[in-house]
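**Q** Sequence and predicted structure, then a few things I'm wondering about:
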Amino acid sequence: MSKTLKHIDDVIRVAPGAGASLSARDPVCDRLFPDKSEAEHATAADAEAIDALQDKLWAERKRALLVVLQGIDTSGKDGTVRGVFNRCGPLGVCVTSFGRPSEQELAHDYLWRVHVAMPKKGMIGVFNRSHYEDVLVVKVRGLAPSEVVEQRYDQINGFEKHLTENGVTILKFMLHISKDEQKQRLQERLDDPNKHWKFNPGDLEDRALWDDYQRAYDIMLERCSTEHAPWRVVPADKKWRRNAIIAAVVRATLEEMNPRYPEPEWKAGEFRIE
Ligand code: ADP
């Protein structure tokens, strides 16, 4: 494991089997990337490197990387996609946003739509929300019986194990913001006419359920941080720090995957282009 990844993981990785205890985690955390301008430079360099590594991943076409982004409203899921994957060619990255399930999706089991959205070999897939909504919003708002939700943690772990055994490396990031920071971000959406479209009165209902969501996140982090797909809790009150951390982890993970350009069966010298 690279030194950078170890340094970051000592702070953000949820050890399998251990509690994550969100309330004890600092959403600012200036121990990581203390300097804003250095963080921004590092993010830009990492974004370039991620693009180059994805190119090799595509050429090799044997494995895929899945990046799961979870977090409450305004936690910065969209901003992370823009900030970390902005150097990647549009051919190499597929972003899927999971909203309320459609009638057709509800007619299947809850993992059906997730499996369909998996990145194919060679691609980086990014999930903006994910199958974890099925143990978060569904639990908090009582959209399924509690026994049904209870079974899902193990089902999700099994599903992710299946994926990792079939060539998908999974990175899971929970974007951790404070209640005060959410208040400010929601207020900005009300104050700036260009952000009105982002404001959804339903977000205030979820904000009123803040403590319930924090509890549901705690349980999810404890039950579903596994060796094959660990959770990382990213301090996300500072957008630039959030991006720097996630970019560094994605880059280090791709470097560890070490994709290589395949050797052709011919020699370049055998050909002459007239
Ligand atoms: P976002 O808030 O991520 O920008 P939307 O405004 O489309 O995007 O919100 C998506 C909504 O869909 C969220 O309120 C989320 O809780 C909800 N959602 C996602 N997955 C599920 C699910 N499996 N069951 C019920 N609601 C879900």
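**A** Okay, I see it. Residues are numbered from 1 along each chain as shown.
**Q** all contacts plus neighbour counts: C-alpha atoms, from now on.
**A** OK.
**Q** Helix or strand: which one has the closest residue to T80 other than its chain neighbours?
**A** Residue nearest to T80 in three dimensions, not counting chain neighbours: N243, with 5.9 Å by C-alpha to C-alpha, 6 or more residues apart in numbering. Here N243, judged by DSSP states H and E, is contained in helix 239-257.
**Q** Sort out which residues of that helix are buried, please.
**A** 239-254 (16 or more other C-alpha atoms under 10 Å).
**Q** So which elements touch it?
**A** Packing partners of helix 239-257 (3 or more C-alpha pairs under 8 Å, 6 or more residues apart in numbering; DSSP states H and E): helix 3-12, helix 36-60, helix 77-84, strand 168-176, strand 231-235.
**Q** if we go to 6 Å?
**A** helix 36-60 (3 or more C-alpha pairs under 6 Å, 6 or more residues apart in numbering; DSSP states H and E).
**Q** Beyond the helix it packs on, next helix or strand please.
**A** Scanning onward from helix 36-60 (DSSP H and E), the first element met is strand 64-70.
**Q** That next one and the ligand in contact?
**A** No: using C-alpha under 6 Å from any ligand atom, strand 64-70 stays clear of the ligand, with a minimum separation of 9.0 Å.
**Q** what separates the residue of the stretch 1-150 of the chain found nearest the ligand from M174, distance-wise?
**A** Closest residue of the stretch 1-150 of the chain to the ligand, C-alpha to the nearest ligand atom: G99 (3.4 Å). Remark: distance between G99 and M174 (C-alpha to C-alpha, to the nearest Å) = 17 Å.
**Q** So which of these two has more stuff around it?
**A** Neighbour count, other C-alpha atoms under 10 Å: between G99 and M174, M174 has more, with 22 against 10.
**Q** Contact partners for the more buried one?
**A** Residues near M174 by C-alpha atoms under 6 Å, 6 or more residues apart in numbering: Q70, G71, V233, V234.
**Q** Looking at those residues, which is nearest Q104?
**A** Q70 (23.4 Å; C-alpha to C-alpha).
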